[in-house]
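1. Okay, predicted coordinates and the sequence, questions at the end:
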Amino acid sequence: MAKQNNIPEVDIIVDEEKGVIREVQPDKKLRSKKGHERRVNASIYAILIAMSVIWLAPFVFLVLQSFRSYLTEAGGMVNYIVPKQFSMDNYIFLFQGAAFSFKLLAKDAGAIAVTVLTNLAGIAAIVAFLVRKPKNPLEKTKGNWKAAALVLLGLIALNAVRCVDSSNCDFVRWFINTLTVAMFCAVIQTLMQLSVSYTLSRMRFKGRKLLMNVVLVLGMFPGFLTMIVLYYLLKMLGLTQAGAIPGLILISCASSGMGYYISKGFFDTIPKSLDESARIDGATRFQVFLKIIMPMAKPIVIYTILMAFMGPWGDYVFASYVAFGHKASYNVAVGLYQWVNTNDYQGFFTRFCAGGVLVAIPITVLFMCLQKYYVEGVTGGAVKG
């Protein structure tokens, strides 16, 4: 007898009055479980796609408007989105001061020599990264391209900084100011935050719980409450207006240890037996932290660097407050806003869009390259408190 693979589905009904159990064919109109799941998933995907389109629409508009020439299609408010003629005039305007880099240094032969030698060394480093053959055949060569790209970005920044004395390259000056603050904050905040997190995770000392609770309560208060006090404090130290850049670095890094929550949670997931084994072998606390914990905590290190870099990169409120009235100390956010606020809005709108696109590129590239570590750092630090 052939085996029957298709077993018909039946519903069981209990008739309590007659005391019997009956089998009834199910209603064919009832939706199957798999069909219901498919419809639910399709609805969720449709909602997510709609949200993504809404979220990306302003950026797409910004990119398209950045290619609308301010010379041929003047006007900030137009009734069309796609430019009638694509042009690079806005981007040329942003970097027009960079063309005077070597002209400004023509009187200083030593500076020219240093610039040329530095560029040659950078180009040689790029070539070395690209042609280097790994000692281990299994070693990936993708790192060569990443290292070469970093050196190339460094060369671009080096040549751009030569034009900061020109009045025609405001955007380059603002971009360098923003990059300087972000880089310093990324390094200093990461060192301070990871040190505090490791200390609170591994060490037990008197007042530890009290310190963590006090920091947690203080973190609930918005930073706007201290803006006036911080401004007068920086003003007394000469770190406003002309000294706004070091002032912003100081303020951004001063309280970085208070953001230990996620990093501490990640360190709590690393077994303490590793620390104890290293201590038995004679390693110091710093050696344990540097040589054992840090290699295992790569995701949280990347996450901390990204968060520390993003804060100053998009800062507007406090940056405008500290650099008030001093154009050379503006960051990108403050400088671009001043273009459309105090200058001709109709004429500077498209140049504002071009600057916004260039500001978004570094953050986008960082997230695309480090997204894996970013997700691991967030999820790993959320396991334990």
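-> Alright, I've got the coordinates. All figures in this text were calculated on a predicted structure; none of them were measured in a lab. Residues are numbered from 1 along each chain as shown.
2. pLDDT below threshold where in the protein?
-> Regions of the chain meeting the criterion pLDDT under 70 cover residues 1-33, 75, 97-169, 342-344, 373-385.
3. What segments of it are strands?
-> 11-15, 20-24 (DSSP state E).
4. wait, doesn't Trp339 sit right on Phe348?
-> Yes - contact criterion Cβ atoms under 8 Å: Trp339 and Phe348 qualify, at 4.4 Å. Heads up, the C-betas are built off the backbone N, CA and C, glycines and all.
5. More neighbours: these two, which one.
-> Between Trp339 and Phe348, counted using other Cβ atoms under 10 Å, Phe348 has the larger neighbour count: 21 against 18.
6. Could you pull up the contacting residues of the more buried one?
-> With contact taken as Cβ atoms under 8 Å, 6 or more residues apart in numbering, Phe348 is in contact with Tyr70, Gly76, Trp339, Val340.
7. try it again with 10 Å
-> For Phe348, the set of contacting residues under the criterion of Cβ atoms under 10 Å, 6 or more residues apart in numbering consists of Tyr70, Gly76, Asn90, Phe93, Leu336, Gln338, Trp339, Val340, Asn341, Thr342, Gly355.
8. of the residues you listed, closest to Val82?
-> Within the contacts of Phe348, the smallest distance to Val82 is 15.4 Å, found for Asn90 (Cβ to Cβ).
9. which residues does the closest one contact?
-> By Cβ under 10 Å, 6+ apart, the neighbours of Asn90 are 65-71, 348-355, 357-358.
10. what's the closest non-adjacent residue to it?
-> The shortest distance from Asn90 to any residue that is not its chain neighbour, by Cβ to Cβ, 6 or more residues apart in numbering, is 3.7 Å, and that residue is Ala354.
11. wait, that neighbour sits on Val63?
-> Yes - the pair Ala354 / Val63 is scored as a contact, 9.2 Å apart, by Cβ atoms under 10 Å.
12. out of these two, which sits in the busier spot?
-> The residue with the greater number of neighbours, taking Ala354 and Val63 and applying other Cβ under 10 Å, is Ala354; the counts read 26 against 14.
13. Next, count neighbours for Val40.
-> For Val40, the neighbour count with other Cβ under 10 Å is 10.
14. now swap in Lys291 and tell me
-> As a burial measure, the neighbour count of Lys291 was computed by other Cβ under 10 Å and equals 11.
15. Give the closest residue to it in space, chain neighbours not counted.
-> Taking Cβ to Cβ, 6+ apart as the measure, Lys291 lies nearest to Ala283, with 7.4 Å between them; neighbours along the chain are not counted.
16. Got the phi and psi for that neighbour?
-> Summarising the backbone geometry of Ala283 under the convention degrees, to the nearest 10, its torsions are phi -80, psi 150.
17. one step back: okay, and the common contacts of Trp339 and Phe348?
-> Taking Cβ under 10 Å, 6+ apart as the contact rule, the neighbours common to Trp339 and Phe348 are Gly355.
18. Count the neighbours of Ile270 for me.
-> Using other Cβ under 10 Å, Ile270 is surrounded by 18 other residues.
19. no, scratch that, I was asking about Leu237
-> Number of residues near Leu237 (other Cβ under 10 Å) recorded here: 12.
20. Was I right to think it contacts Ala244?
-> No - between Leu237 and Ala244 there is no contact under Cβ under 10 Å: 11.6 Å.
21. So Ala308 versus Ala186, what's the distance?
-> As for Ala308, its distance to Ala186 is 5 Å (criterion: Cβ to Cβ, to the nearest Å).
22. between those two, what contacts are shared?
-> Counting by Cβ under 10 Å, 6+ apart, the common neighbours of Ala308 and Ala186 are Ser252, Cys253.
23. how far does stretch 63-76 stretch from start to finish?
-> Stretch 63-76 has an end-to-end distance of 14 Å (criterion: Cα to Cα, to the nearest Å).
24. Equivalent analysis for stretch 223-231, please.
-> Span of stretch 223-231 from end to end, Cα to Cα: 12 Å.
25. repeat for stretch 308-323
-> 20 Å.
26. Which positions in stretch 326-333 come out as buried?
-> Buried residues in stretch 326-333, counted by 16 or more other Cβ atoms under 10 Å: Ala328, Ser329, Tyr330, Asn331, Val332, Ala333.
27. Quick one: residues contacting the fifth one.
-> Translated: Val332. Contacts here follow Cβ under 10 Å, 6+ apart; on that basis Val332 touches 171, 173-179, 313-316, 319, 355-356, 358-359.
28. With Gly219 instead?
-> Applying Cβ under 10 Å, 6+ apart as the definition, the contact partners of Gly219 turn out to be Ser255, Met258, Gly259, Tyr260, Tyr261.
29. State the distance from the third one to Gly219.
-> Okay, so that is Gly259. When distances are taken as Cβ to Cβ, Gly259 and Gly219 turn out to be 8 Å apart.
30. residues near Met183, how many?
-> Using other Cβ under 10 Å, Met183 has 16 neighbouring residues.
31. My read is that it contacts Ser252, right?
-> No - counting by Cβ under 10 Å, Met183 does not reach Ser252; the two are 11.5 Å apart.
32. if I look at these two, which residues touch both of them?
-> Jointly contacting Met183 and Ser252 under the rule Cβ under 10 Å, 6+ apart are Ala308, Pro312.
33. now, which of the contacts of Gly219 sits nearest Ile293?
-> Within the contacts of Gly219, the smallest distance to Ile293 is 14.4 Å, found for Tyr260 (Cβ to Cβ).
34. Thanks a lot, see you next time.
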